[in-house]
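K.L.:
How does the following fold in three dimensions:
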Amino acid sequence: MLISTAHAQTADAAGQTAASGLGFLPIIVMFGVAWFLMIRPQMKRAKEHKAMVAALSKGDEVVTGGGVAGKVAEVGDSFVQVEIAANTVIAVQRQSIATVLPKGTLKTL
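P.N.:
Numbering: from 1, shown residues only. Next up, the predicted model:
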């Protein structure tokens with residue numbers, strides 16, 4: 001005979017259900033760790049950057065994402081005019097402003 005007889009399993013069905021539910025526990029724990037170590041801080045930084053960009057005003061000293069430092073000459077809806085030297089003004093997108101410097105920082109550079 002090549003085919004053997006199949007027998008029904010005699011283990012407790014409730015015990016199997018509890019054991020299979022514990023299989024998801026490491027996945028849930030890893031998601032929780034990823035949330036608190038990666039996702040949540042990234043969302044906090046994005047919120048702070050959005051507030052900083054919204055609060056830009058004329059005269060602020062800023063650094064762009066490309067590393068260009070200058071003084072805000074004019075603020076528009078989606079673009080900011082930044083004076084990087086005497087009589088040299090460039091237009092950059094509001095979102096490309098990386099940081100706002102304390103007043104007087106450009107004089108020390």
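K.L.:
For this structure, just list every one of the helices.
P.N.:
Assigned helices in the chain, in chain order: 13-21, 25-34, 40-54, 105-108 (criterion: DSSP state H).
K.L.:
looking at these, which is closest to Ile3?
P.N.:
With distances scored as CB to CB, the stretch of these nearest to Ile3 is helix 13-21 (26.4 Å). The way it works is simple: take the backbone N, C-alpha and C, and place the C-beta from them, glycine included.
K.L.:
Show me the domain layout of this protein.
P.N.:
Described in terms of automatic domain parsing, the domain architecture of the chain consists of the residue ranges 14-55, 57-109.
K.L.:
Pull the distance from the last one to the chain's centre.
P.N.:
On the basis of CA atoms, centre = their mean, to the nearest Å, domain 57-109 is displaced by 23 Å from the centre of the chain it belongs to.
K.L.:
Now do that domain, average pLDDT.
P.N.:
For domain 57-109, mean pLDDT is 95.
K.L.:
go on, stretch 35-53?
P.N.:
Taken as a whole, stretch 35-53 has a mean pLDDT of 95.
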